[in-house]
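A.B. asks: Test case, fold it:
(3 chains)
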Amino acid sequence: MSASAVGLNDSFVERVLEVVEAIPPAHVMTYGDIAATLGSRAARVVGQVMAYNGADVPWWRVIRASGHPPSGHEQAAFEHYMAESTPLLKTDAGYRVNLRLARWRP
DNA sequence: TGGGTGACTAAGT
DNA sequence: CACTTAGCCACCC
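C.D. replies: Coordinates of the predicted model:
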């Protein structure tokens, strides 16, 4: 198995992973921002790349535009945010990242 | 070539 | 603020 296990072209996958690895601690980027950095709007494709190849990169620094971490990984992401002092906001439904402070622009 | 998929986004309720 | 609907993009079979 490899990065192409899902079928996504390594070119696109590598570019996405490149941007994700460039995100400094305590900062985050949205799927749309990463796609925009690549000159594309394929936010969904970025999510696909992370879903299958995000295991080798700081995936918790990549979140939705709403400030919510990827579905099913909210708990694991929370642990990382605590360790990096990422700005968080408490909500009735749980928590979310304070994009206003944590959002990083390359 | 066409249809289906998803760690998304924006707008409306 | 949270949920729902429709639109998007790259990629697979």
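A.B. asks: What residues are bridge-paired with the residue nearest to the spatial centre of chain A?
C.D. replies: Note on chain A: the residue nearest the mean C-alpha position is A:Val62, at 1.2 Å, using C-alpha atoms, centre = their mean. When assigned by DSSP bridges, A:Val62 has beta-bridge partners A:Met29.
A.B. asks: how far away is the residue nearest to A:Arg61 when sequence neighbours are not counted from DNA strand C?
C.D. replies: Of all residues not flanking A:Arg61 in the chain, A:Ile23 sits nearest, at 4.3 Å (C-beta to C-beta, 6 or more residues apart in numbering). Every residue, glycine included, has its C-beta placed from N, CA and C. Between A:Ile23 and DNA strand C the distance is 21 Å, computed by C-beta to the nearest atom of the strand, to the nearest Å.
A.B. asks: now A:Arg44
C.D. replies: Relative to DNA strand C, A:Arg44 is positioned 4 Å away (C-beta to the nearest atom of the strand).
A.B. asks: what residues does the helix or strand A:Asn53 falls within touch?
C.D. replies: The secondary structure element spanning A:Asn53 is helix A:43-53 (assigned by DSSP states H and E). In this structure, residues lying in contact with helix A:43-53 by C-beta atoms under 8 Å, 6 or more residues apart in numbering are A:3, A:5-6, A:8, A:12-13, A:16-17, A:20, A:30-32, A:34-35, A:57, A:59, A:62, A:70.
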